[in-house]
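**Student:** Let me see the structure of the following:
(chains A and B)
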Amino acid sequence: MAKGTTVRMWRRSTFVLFMLIAVGFGTIVLRLLNLQIFQGKALRQMALDQQLKDTVISAQRGTIYDRNMKPVAQSATVFTVVLEPAYIKTDEKKKLIASGLSEILQLEEDEIIKKASKKSYYVIVKRKIESDVKEKIVNFQKEKKIKGGIRLIEDYKRYYPYGRFASNVIGFTGFDNQGLSGIENFYDKDLMGEFGRIVTARNAVGTDMPFEYEQMIPAKSGHNLVLTIDESIQHSMEKYLEEGRINNRVKNGAVAILMDAEEGDILGLASGGFDLNSPFEIVDLQAKTEIESTKEEDRSKLKGDFLQKQWRNKAVSDTYMPGSTFKIITASMALEEGVVSENSSFNCTGSVIPFEGARRIHCHNRRGHGVQDFQGIISHSCNPGFISLGHALGAENFYKYYKLFGFTQKTGIDLPGEAKGVFFNKDGSMAPMDLTVASFGQNFTITPMQLVTAVGAAVTGKLVEPHVVKHITDENGNILKTKGKSIKRHVVSENTSKNICELLKNNVATGSGRNGSVPGYNIGGKTGTSEKVGNSGPGGKDYIASFCSFFPTDFPKYVLFIMYDTPKGDYYYGGLIAAPVAAKIMSEILPYLGINKRYTEEELEKLDTSTPSLIGLPIEKAKSELIQNQLKFSIKGDGETVVSQIPDAGSGIPKDGTVVIYTNKENSSKKIKVPNFVGLSALNANKLAFSFELNMRVSGVPTQSNEEVVASNQSISPGEFVDPGTVICVEFIQKDDID
Amino acid sequence: MKDKRVQKIKPIVHKNFFKNSNFKIKKRKKTFGESVRIFSTRSGIDLVFCTITLVLLAIGLVMLFSASFFNAYHYQKGDSYFFIRSQLMWAVLGIIVFFITSFFDYRKLKKIAIPTLILSFLLLILVLFMPIRNDVRRWIPLGPVSFQASEITKFAIVLSFAYLISKNFKRMSTFKYGVLPYSIILLFTAFLLYLEPHISCLVIVVLLSGGMLYIGGIKLRWFGVVLSAAILAVVFLLVSNKLSYANERVIGWLDPFNSTADTWQTRQGLYAIGSGGLFGVGLGKSRQKYLFIPEPHNDFIFSVVCEELGFIGALLIILLFVMLIWRGIVISMRARERFGALLGIGLTAQVGLQVILNIFVITNTIPNTGISLPFFSYGGTALVMLLAQMGIILSISRTSSIEK
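**Tutor:** The predicted model follows:
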């Protein structure tokens, strides 16, 4: 049959088949190989870029504890309300959501509708809403059966349970939980943790694809910090610092630092203060009114300036001229160099011409201190005495020790924004006049923290690096890192530091630092009043009043520093403003620190005794009881037995005090008008109290029969009526020969 | 790199290839194949071809479901089964048609060859008056369903050419019988397809008829004439910018990732293919089908296949197509007479060309043009048509002296 296939057909169809397979399918295979294997990675990446959606999960910020594990900064879960306009298609749903959310979140309805109309999958409506508000939204969704469109994303918010407490140290965080100031800023990386991510696949219109594509990288919580700050100590420091700031109308802020000079631990650091839970609110009322009275356009800048000032940690970021507190350092230098001994003699005529051709420098006591020994120039804070020490040292030595005491470097404290003072010349050289004034702490600047570490070095011999964070721990409290004691160098010999301690102890016990003394404790210290250069306000010259003390004097461990910048009250002397505050703080924290009281005999005499219980006793028995207790008595009424007594049984009464005994009920109504004790010497005050049938408890400076010491304050204001026998606390203060 | 790829082709160009070593008939026992014979007085159908067809159909349906379910869910009001349900019904109908056709004596088709050609012309004219869909006129509604006029055209060309060539086989080397009638048919068809426009079908028709005429014994110089005419035509079209829609596709084709032309579909297809890598992301796990690839159940279904099954999976499917074509051509060449041989080759080559051009499009080897993948792409009437054509090849295989 000729109808069959021919050889040519065979050949030609084989060729066609070959062309189809080799050219057609061959090309296909090569193309696929190229696309899938060689270009696969790049294409897959491009595909993933459009397929995957990244959602960041916030990490919980670490907690900050005080040294006794009391939390001072914590993170709590809050929520961010997000709209997903892609799922809100109808105007009806838009309205429903907008009206619901506007009510719950207190927002404008129009604003929400605007957001719901955006062409997006993620529009933030409100951030950081609390759990209870979130519950309201969840319920609202349930009630109205809203599916999709509203998302609630977990986030964290920082809480500071103590509010104002240690605010300039702890610092605060911004809206994205980033540390903005203080420890929050310095240890931001440790506290922050690591963001987690949820990677979800989505389709071309943005909806999530089935769950199997979801990949979650959980967030890592931040580390916790344990501070060296002690909450109780810090509170007491803040309380008295603030009290002093108000009483002395301090214009430019105050600082209080308590450092463990052995370990470098900062136990307390107070400086200003603001509510960490609302850091952007101006605390200073005067600043507030100033802002309100300025022009609208300048307000935000002015507010920013005030906020910066408010957040500033004056203790490490501001420099000042230390004044007489620096005499501790000058004295140490002189002792260490051997240019002075306990028996050296100094003559103060009230002023001195330090070297030929120089201008005359006055001592704060224009009458002069006369001939004094080394203890004398410290106790009197005698400037001419220290000028001669400075010149005996010489500029080279002075700068050598200046460097050794750490004033040319930052202290290295773990707080942001640490400043470093300015010395006369960068290379350390000093003109003769520079040396003259530097020896009593004028014309160069340092930070309060630098002074504290330097005084620590003077009394312990070692310069330490201060720190506010003790441990860094993980979520479970396991210690990851410990900031131990870090000694920078030995600065002075044991002998020198011992001598300095003794000299400064005596200064507080009997010298110009008496207002900083606390009965029962050995405290060393030095006051300081420095003139602020070029900063004379309308109220006369501006001063900085400070007091630097340490304790116990036998084994110096703690250094306490108090400073008031520009006091505008009745006094401006460090001894009158800063030292009493230090004394108050110390009297509260010394027992807390476990430092034992050791009264001198004189002090023991003035100690309170406990009032015995007399009520119900026959008069005679009561009398003999009181005599036995070495107490005086005054009997009111004519009854046979004691009906009531003042002071009450068990309450404290000064030795030698008078207990008023009532035998008739009706007599107990007789009141006494409290007299004014302020300005009286201890002796006169005592007489006055006795004549008014009141008991006086003495506080403050040890009352010698010394005319310089006068009452400065009384616990019950003059003019108030009290029962006879009531105990009135009268604070005494040394007024003259003070610096 | 390139040298390696060339080496990989080498085995295909092995010298034994031309000696038809693969076409050898081996002796064997009669097996299951003969059992089919009870339905026919003639010899049984070719089981290999039948099996490959059904396997491809099965894979095609699975992949269609995978590729289409989210698209259906999104655009068909949550009905994920929208496409697969319809396709399955058509597939069942198609399989019935497939087997029924295989019982037909394909030689009877000679009688309807010319009427089919005329019908094809009429439909191509009719389609010009149909409403525009996607910028082109291709579809003719027929009650609840609609079909592409060009589906008939391709079949009509193959059928009429097979008929005419076999009838004038001895005179194929002459101009009057070997070139003229076919040129007229082809030019007219091409003109009508150009009006739609349906370039991909035009290309297939031209290639198909060229191939059939070549096998039919036409003088090779005529190809030279046609080729130079084609090149001139292409140059003219490009320069005159007549086919603006095609021209933009060419620009997009040259640089699908950066061009300003709308290359979204191509790009998404390439992403899918690339994402598949060697082993694929797994059956049903394509991400690109989630609305990234527009209509992933249509022309671009093979990019989803590549993504889910990887290079290996795609290669296996391509291998199945190669086997189908190989087998189809072997069956045809062993047909008892020339009409069957030419018809079989034409129908097989049509499937082969469509597969090749489709994958060329999705791999951006040629500019994007609407061309579906046989057995895979969604489309009921086309699937039934395809299976009917496969049935014809089966019918040819009954007369073929091939080992079954």
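
**Student:** contacts and neighbour counts: CA atoms only from here.
**Tutor:** Will do.

**Student:** Next SSE downstream of whichever strand or helix holds residue B:90?
**Tutor:** Assigned by DSSP states H and E, residue B:90 falls within helix B:82-103. Later in the chain than helix B:82-103, the nearest helix or strand by DSSP H and E is helix B:109-127.

**Student:** Distance from the chain centre to the helix or strand that that next one is followed by, please.
**Tutor:** Note on helix B:109-127: by DSSP H and E, the next helix or strand toward the C-terminus is strand B:139-142. Put simply, strand B:139-142 sits 20 Å off its chain's centre (C-alpha atoms, centre = their mean, to the nearest Å).

**Student:** other SSEs contacting whichever helix or strand comes after strand B:139-142?
**Tutor:** Scanning forward in sequence from strand B:139-142 by DSSP H and E, the next helix or strand is strand B:145-148. Packed against strand B:145-148 by the contact rule (3 or more C-alpha pairs under 8 Å, 6 or more residues apart in numbering or on different chains; DSSP states H and E) you find strand B:139-142, helix B:380-399.

**Student:** Is residue A:483 in contact with residue A:470, as I believe?
**Tutor:** Yes. If you go by C-alpha atoms under 8 Å, residue A:483 and residue A:470 touch, sitting 5.1 Å apart.

**Student:** Could you count how many residues lie near residue 333?
**Tutor:** No chain specified, so I'll use chain A. For residue A:333, the neighbour count with other C-alpha atoms under 10 Å in any protein chain shown is 26.

**Student:** right idea, wrong chain: chain B
**Tutor:** Using other C-alpha under 10 Å, residue B:333 has 29 neighbouring residues.

**Student:** what's the spacing between it and residue B:232?
**Tutor:** The gap separating residue B:333 from residue B:232 is 35 Å, by C-alpha to C-alpha, to the nearest Å.

**Student:** do the same with residue B:289
**Tutor:** For residue B:289, the distance to residue B:232 (C-alpha to C-alpha) stands at 40 Å.

**Student:** Comparing those two, which shows the higher neighbour count?
**Tutor:** Just comparing residue B:289 and residue B:232: by other C-alpha under 10 Å the higher neighbour count belongs to residue B:289, 29 against 12.

**Student:** how far away is the more buried one from residue B:72?
**Tutor:** Residue B:289 sits 11 Å away from residue B:72, going by C-alpha to C-alpha.

**Student:** again, but for residue B:200
**Tutor:** Taking C-alpha to C-alpha, one finds residue B:200 at 27 Å from residue B:72.

**Student:** Next: residue A:373.
**Tutor:** In this view, residue A:373 and residue B:72 are 103 Å apart by C-alpha to C-alpha.

**Student:** Kindly report the same for residue A:368.
**Tutor:** Here the criterion is C-alpha to C-alpha. By it, residue A:368 lies 103 Å from residue B:72.

**Student:** now swap in residue B:387 and tell me
**Tutor:** 25 Å.

**Student:** With residue A:617 instead?
**Tutor:** 102 Å.

**Student:** out of those two, which sits in the busier spot?
**Tutor:** residue B:72 (21 against 15).

**Student:** and the angle from the helix or strand hosting the more buried one to helix B:82-103?
**Tutor:** Residue B:72 is part of helix B:47-75, with elements assigned from DSSP H and E. Orientation check (axes from the mean of the first three to the mean of the last three C-alpha atoms, to 10 degrees): helix B:47-75 against helix B:82-103 gives 160 degrees.

**Student:** Does chain A have contacts with helix B:47-75?
**Tutor:** No. Helix B:47-75 does not reach chain A (C-alpha under 8 Å from any C-alpha of the partner chain); its nearest approach is 9.7 Å.

**Student:** now that helix: mean pLDDT?
**Tutor:** Per-residue pLDDT over helix B:47-75 has a mean of 91.

**Student:** what helices or strands is it leaning on?
**Tutor:** Under the contact criterion of 3+ C-alpha pairs under 8 Å, 6+ apart, helix B:47-75 touches helix B:82-103, helix B:301-333, helix B:380-399.

**Student:** who wins for proximity to chain A among those?
**Tutor:** Distance to chain A, taken as C-alpha to the nearest C-alpha, is lowest for helix B:301-333 among these, at 6.3 Å.

**Student:** how far off helix B:301-333 does the helix or strand just after that closest one point, in degrees?
**Tutor:** Once helix B:301-333 ends, the next helix or strand along the chain (criterion: DSSP H and E) is helix B:338-362. Comparing the axes of helix B:338-362 and helix B:301-333 via the same axes, to 10 degrees yields an angle of 160 degrees.

**Student:** sorry, back to before: please identify which of the helices and strands packed on helix B:47-75 is closest to residue A:62.
**Tutor:** Distance to residue A:62, taken as C-alpha to C-alpha, is lowest for helix B:301-333 among the helices and strands packed on helix B:47-75, at 44.6 Å.

**Student:** can you give me the helices for the stretch 301-450 of chain A?
**Tutor:** Under the criterion DSSP state H, counting those that start in this stretch, the stretch 301-450 of chain A carries helices at the ranges A:314-317, A:327-337, A:374-379, A:383-393, A:395-404, A:432-438, A:448-460.
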